[in-house]
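In: Sharing a model prediction with you, sequence too.
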Amino acid sequence: MHYKSVIFPFTALVGQELLKKALLINAIDPSIGGVLIKGDKGTGKSTAVRSLSYILPEIQVVEGCSFNCHPQDRTLMCQSCQQEYNANGKLPSVKTHMKIVDMPVSATEDMVIGTIDIKKAIKEGIKALEPGILARANRNILYIDEVNLLDNHLVNILLDSAAMGVNIVEREGISLSHPSRFVLVGTMNPEEGGLRPQILDRFGLSVEVRALESKEERLKIMKYRREFDQNPDNFEEKFFKKQEKLKKEIITAQKILPTVEIPLEMLEKIVEITAGLGIKTHRADIVLEKTSRVLSALNGRRKVNLDDIKEAALMALPHRINQLPFQKEEPLTSETIENLLEGEPPEEIFRIDRNHQLRKDIIRQEAGGSLQGKNSPKVVGDRGMYLKARESNKPRNVAVDATVRKAARENRGKGEFMVLPEHVMEKVRVSTAEALYIILIDSSSSMRLDKKIGFAKSLSWLLLKESYEKKNRVALLAFSGDEAEVLAHPTSNLNRIEESLEELPTGGKTPFTPALYQALKMAGKEKSTVPVIIVISDGRGNVFMEGNLKNDVKLLNSMVHDVNLVFVNAESRGRSIGILEDISSTFNSPHFYLEEII
């Protein structure tokens, strides 16, 4: 009983609710595949694992069996126990607590699976198997500290045994096996190295443990630890009722579990979550279903509900989410799951690729240069000196002289002079005012497809860099959800604006026209400058100010005077839906495809 007295009570653990829940789930249903615990040293990982065994019911094992076989269940018996059971109809048994079986990082394959005495095997079968760690772990808890430092081959063996419930030892053409069902628990400090995705996926659940931040909780931890160290027996007695209550809940859950149902609509929710997160393994769906059923049983219910699935997802999915090349790793949260189920994909962060180069000068028009210095000519609408004329479907400032000349040329030889709509030319004016470039970047969910947002960020960064070199000012706005967010007001500080662009996440709806409205209002406040708004988007707007796109464009058309607009289509020419092309034509603004520029 001394061993029992020094085990810190599971119910005395402060905080770390997700960790405790993940351990209980695996104790109730070991087929889930164990739990991987990530976190710094000193955050209670080992304490939680070692305290787990004493809140679990005692188990019956065959007396004297090296494999902890079940005395009544033939599927949990080794070959020798099966033979004795068949001969006598019963097996001698004893009650025992589940044990923590430690797996050293230095373990070899023979230490893990056991070894075979070939000569003895020919005569005595299973008795020739020298038990390894997996034999001792059967029906117990197998604990691997720093699992990320363990040889990948050994990790695969452990995970295979956990999944099949059997350890198979093959040597010199002889194959022996024994039951190997255990609660697999691995801990790791991510700063000391990671695990391959294939191995991560084999762990049923994963939780991240952090040091508690609450002063009250940290004080409680110190108080409990001091009480336990001074008098373990009294401390255990203090939590005896809670421990017994939790034991009963576990026994009840184990009895209920086989009868728990999961409705079709709940299965559909599981698929909706895993597909929405882009998880590429079906094991995720299966583990999520199993975990949801255990949670339902643990709560005394025989039917899985949505809350079970949401809670299960926080443990079954974090380690299975694919990290894309430009994506910053973010923890899976309840809000992310809620957004998925409500139709809002989670946010993702794509990094800037600084290896791209501009292949086309998207600001250069028929007059003026691109991203020029403060005193260089800039193209404007109704401001500045009349420099030249250009064709326009909807001229804002008619160039009468150029219009007459064009009409005269095209009427030559016809015997009459007539000015037709197609003859009308627009004035191109220039000013020496300071330049302001407002970059308006689409960061909605649709920009994730084909990594469009990654290219859009790279283009924005190139424009920022060139603008900085030309000593122009730049503002940065990003739009998703219901409106645009000003990431950087007009500034010449490249570092400040670059950092905002780098950390910009993607996700949510596409408020294209409301965002353009905000950018135009910002441009309108810059009375002494010549504003140029560069819009980078796929044009798939689904949030409007006036009810629909047509009404919004009509409103915006009245605001575009004295502002130069440049539209960059994030879709390729072949995949564009045509909306951005139509809008740029309406505003008489240049339109480019992103693929043409970088």
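Out: Ah, there it is.
In: any idea how far residue 551 lies from residue 263?
Out: 43 Å (CB to CB, to the nearest Å). C-betas here are computed from N, CA, C, even on glycine.
In: now residue 566
Out: For residue 566, the distance to residue 263 - CB to CB - is 52 Å.
In: Between the two, which is the more surrounded one?
Out: Legend: neighbour count by other CB atoms under 10 Å for residue 566 and residue 263, higher for residue 566 (22 against 11).
In: what about the more buried one, which helix or strand?
Out: Per DSSP states H and E: residue 566 is located in strand 564-569.
In: Run through the neighbouring helices and strands of the following helix or strand past that strand.
Out: Per DSSP H and E, the first helix or strand lying C-terminal to strand 564-569 is helix 579-586. In terms of contact count using 3 or more CB pairs under 8 Å, 6 or more residues apart in numbering; DSSP states H and E, helix 579-586 is assigned the packing partners helix 549-557, strand 564-569, strand 591-593.
In: Strand partners (parallel or antiparallel) of the shortest one?
Out: This means strand 591-593. strand 564-569 (parallel) (DSSP bridges).
In: Now do the strand it pairs with against helix 549-557, angle only.
Out: Orientation check (axes from the mean of the first three to the mean of the last three CA atoms, to 10 degrees): strand 564-569 against helix 549-557 gives 150 degrees.
In: Against residue 280, how distant is the spatially closest residue to residue 203 that is not a sequence neighbour?
Out: Residue nearest to residue 203 in three dimensions, not counting chain neighbours: residue 36, with 4.2 Å by CB to CB, 6 or more residues apart in numbering. Distance of residue 36 to residue 280, computed by CB to CB: 19 Å.
In: Which of these two has more residues huddled nearby?
Out: Comparing residue 36 with residue 280 by neighbour count (other CB under 10 Å), the higher total belongs to residue 36, at 27 against 13.
In: Am I right that the more buried one falls within a strand?
Out: Yes: assessed with DSSP: H, G, I helix; E, B strand; the rest coil, residue 36 lies in a strand.
In: ok, what's across the strand from it?
Out: residue 186, residue 206.
In: Report the contact partners of it.
Out: For residue 36, the contacting residues are 147, 186, 187, 188, 195, 200, 203, 205, 206, 207, 319, by CB atoms under 8 Å, 6 or more residues apart in numbering.
In: Kindly provide the distance from it to residue 472.
Out: 50 Å.
In: now the residue nearest to residue 179 when sequence neighbours are not counted: how far from residue 412?
Out: Spatial nearest neighbour of residue 179, chain neighbours left out: residue 76 (5.0 Å); criterion: CB to CB, 6+ apart. Distance, residue 76 to residue 412, by CB to CB: 101 Å.
In: These two: which has the busier surroundings?
Out: residue 76 (20 against 9).
In: can you confirm residue 48 is in a strand?
Out: No: assessed with three-state DSSP, residue 48 is helix; it does not lie in a strand.
In: what about it, how many residues close to it?
Out: 21.
In: Could you do the one 5 residues further on as well?
Out: Residue 53 has 19 neighbouring residues, counting by other CB under 10 Å.
In: now residue 230
Out: Every residue meeting other CB under 10 Å relative to residue 230 is counted, giving 9.
In: That one and residue 486, how far apart?
Out: 58 Å.
In: Residue 497 now?
Out: 11 Å.
In: These two: which is more packed in?
Out: Taking other CB under 10 Å, residue 497 and residue 486 do not tie; residue 497 has more neighbours (24 against 15).
In: buried residues in the helix or strand residue 265 falls within?
Out: In the assignment (DSSP H and E), residue 265 maps to helix 264-276. Using 16 or more other CB atoms under 10 Å as the test for burial, helix 264-276 gives 266, 267, 269, 270, 273, 274, 276.
In: What of stretch 392-406?
Out: For stretch 392-406, by 16+ other CB under 10 Å, it's 392, 395, 397, 399, 402, 403, 406.
In: which of those sit farthest apart?
Out: Maximum pairwise distance among the buried residues of stretch 392-406 (CB to CB): 15.8 Å, between 397 and 406.
In: helix/strand/coil for residue 539?
Out: Going by three-state DSSP: residue 539 is coil.
In: is it true that it touches residue 576?
Out: Yes: contact criterion CB atoms under 8 Å: residue 539 and residue 576 qualify, at 7.4 Å.
In: neighbour-wise, which of these two wins?
Out: residue 539 (23 against 16).
In: Distance of the more buried one relative to residue 479?
Out: From residue 539 to residue 479 the distance is 12 Å (CB to CB).
In: intersection of neighbour lists for those two?
Out: residue 512.
In: So what's the gap between stretch 196-215 and the chain middle?
Out: Offset of stretch 196-215 from its chain centre (CA atoms, centre = their mean, to the nearest Å): 14 Å.
In: Please point out which parts of it sit buried.
Out: For stretch 196-215, by 16+ other CB under 10 Å, it's 199, 200, 201, 202, 203, 204, 205, 206, 207, 208, 209, 212.
In: Closest to residue 547 out of these?
Out: When the buried residues of stretch 196-215 are compared against residue 547 (criterion: CB to CB), the nearest one is residue 208, at 44.5 Å.
In: The closest one: what's it in contact with?
Out: Contacts of residue 208 (CB under 8 Å, 6+ apart): 37, 38, 39, 318, 331.
In: From the recorded domain assignment, give the ranges for the chain.
Out: 2-56+97-227, 258-346, 388-428, 434-597 (automatic domain parsing).
In: Looking at those domains, which is nearest to residue 239?
Out: Comparing these by CB to CB, domain 2-56+97-227 comes nearest, at 4.1 Å.
In: Nearest spatial neighbour of residue 168, chain-adjacent residues omitted?
Out: That would be residue 177: by CB to CB, 6+ apart, it lies 4.6 Å from residue 168.
In: helix/strand/coil for the one you found?
Out: Note that with three-state DSSP, the state of residue 177 is strand.
In: Neighbours of residue 335, how many?
Out: 11.
In: Please apply the same query to residue 90.
Out: 9.
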